[in-house]
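K.L.:
this is a predicted model, with the sequence first.
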Amino acid sequence: MIWHQGCSWTRNPQLQRQWWAVMVAGLGTLFPLLLSIDLYIDDVERAMDGSLGWVRVGRPLADALVEWLNFGRPATAVAPLHTLVAIVLLSVVGVACARAYGIRSPFWTAIASLPLMAQPYALQAMSYGFDALFMATALAAAVVSALLVNLQGSWRIVVTALALQLLSFNLYQPAANGFLVVSGCLCIGAFLKLLSQPWQRRSLRTRLLLSSFVYCCGYGLYRLVYALLFEHRLNRYASGASEFKSLEPQLPLAWIVSAFEPIEQVLRDFGEWPVVIPVIALLFTYVGLLLHVRGWWMTAVVIGLTSLVFLLAPGGMLLLRESFVRHPRVLLYLGPLLTSLIL
């Protein structure tokens, strides 16, 4: 039944137009990147002696996926093929997000989907010759999991969402936090009655309970399985980075400090005035639109809820003892947040 439903969707002319619009926009934006993908030192080791090594940093399925795609070791450098497949995959996810908000315009679907693959922190992930595919797959699995949780349906949908979330954690842990962003924004969209009918039916309480259940179970199962099977293979960098904060009286303050780390990173990277002016203009435009349509009270509620989603978006990374903002690609989850805001 699922297979036939999927085939019927692929034959839908409107869905095809939306997908092609996203694909063209993604290929056009990332075309310079596709022409100049550089091999990192890790990529050279993977292609020369077959030391994949992702299991040593907490991503066992990444090793399995790349080894399967390359028919063994050493890994074959086929860049930019992995990036092209990642664009195709994220284009499908972008169309799914647009349909959840009832958006059928190919133009707006393309504009809203671009942050999934072309926001600054996603560009680093998409620039990797080997890593791009499973980072994109992890992000896609997390976003689809959030869409399923907020969709009216049976317990099988929740189980599928949990499996996708577990897949996302095992492919690339930071991308799994896209679940929190999308699910939180869908809750706000349902509160404003902006969602398409199948996504509008669940109550807010059910959404929050199911989202918490799926994310916490996914994160807990991931940590449990890794502790039982793979922890002895972690390198020193990964084992130190995966330690939890200590249970001390200062723990709430430490959580708050961690929650603001992504904001500090964004300000360090894009806090200069020539760059920040269009962002400020966009925010003022968005607030003005909310004021015009919903009034002062609803605007304050939406801004407060969106800020809360942004602060909680790092999810399990807030529990880690050390700073989790070590590489720009860790903020990959900002793409789904921008996509949701545009939609």
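P.N.:
Done, it's in. Numbering: from 1, shown residues only.

K.L.:
please name the nearest non-neighbouring residue to residue 191.
P.N.:
residue 204 (6.6 Å; CB to CB, 6 or more residues apart in numbering). C-beta here means a position set from N, CA and C on the backbone, and glycine is covered the same way.

K.L.:
revised request: answer the last question for residue 24.
P.N.:
Nearest non-adjacent residue to residue 24, counting by CB to CB, 6+ apart: residue 110, 7.2 Å away.

K.L.:
can you report how many residues lie near the one you found?
P.N.:
For residue 110, the number of neighbouring residues by other CB atoms under 10 Å comes to 24.

K.L.:
pretty sure it contacts residue 21?
P.N.:
Yes. Between residue 110 and residue 21 a contact is recorded at 4.1 Å, counting by CB atoms under 8 Å.

K.L.:
quick one: buried residues of stretch 139-151?
P.N.:
For stretch 139-151, burial by neighbour count (16 or more other CB atoms under 10 Å) applies to 139-151.

K.L.:
out of those, who's nearest residue 271?
P.N.:
residue 139 (25.5 Å; CB to CB).

K.L.:
now for this structure, the helix or strand with the poorest mean pLDDT.
P.N.:
Sorting the helices and strands of the chain by mean pLDDT, DSSP states H and E puts helix 2-10 at the bottom, at a mean of 60.

K.L.:
what are the buried residues along the following helix or strand past it?
P.N.:
Next along the chain after helix 2-10, taking DSSP states H and E as the criterion, comes helix 13-35. Residues of helix 13-35 classed as buried by neighbour count (16+ other CB under 10 Å): 15, 18-19, 21-23, 25-26, 30, 33-34.

K.L.:
now stretch 81-99
P.N.:
Neighbour-count burial for stretch 81-99, counted by 16+ other CB under 10 Å, picks out 81-87, 89-99.

K.L.:
thinking again about what came up before, for the residue nearest to residue 191, list the residues it contacts.
P.N.:
With contacts defined as CB atoms under 8 Å, 6 or more residues apart in numbering, residue 204 is in contact with 187, 190-191.

K.L.:
emit the ChimeraX select command for whichever of these are buried.
P.N.:
Selection of buried members from these for ChimeraX, criterion 16+ other CB under 10 Å:
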select :187,190
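
K.L.:
could you export the contacts of residue 204 as JSON lines, including pLDDT, secondary structure and distance to residue 226?
P.N.:
Formatted as JSON lines, the contacts of residue 204 follow (pLDDT from 0 to 100; DSSP: H, G, I helix; E, B strand; the rest coil; distance: CB to CB, whole Å):
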{"residue": "187", "pLDDT": "95", "secondary structure": "helix", "distance to residue 226": "29"}
{"residue": "190", "pLDDT": "94", "secondary structure": "helix", "distance to residue 226": "34"}
{"residue": "191", "pLDDT": "91", "secondary structure": "helix", "distance to residue 226": "36"}
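
K.L.:
next, count neighbours for the closest residue to residue 309 other than its chain neighbours.
P.N.:
Excluding the flanking residues, the one nearest residue 309 by CB to CB, 6+ apart is residue 184, at 3.6 Å. As a burial measure, residue 184 scores 24 neighbours (other CB under 10 Å).

K.L.:
in which helix or strand does residue 184 reside?
P.N.:
Here residue 184 is assigned to helix 178-191, by DSSP H and E.

K.L.:
now swap in residue 74 and tell me
P.N.:
When elements are assigned from DSSP H and E, residue 74 belongs to no helix and no strand.
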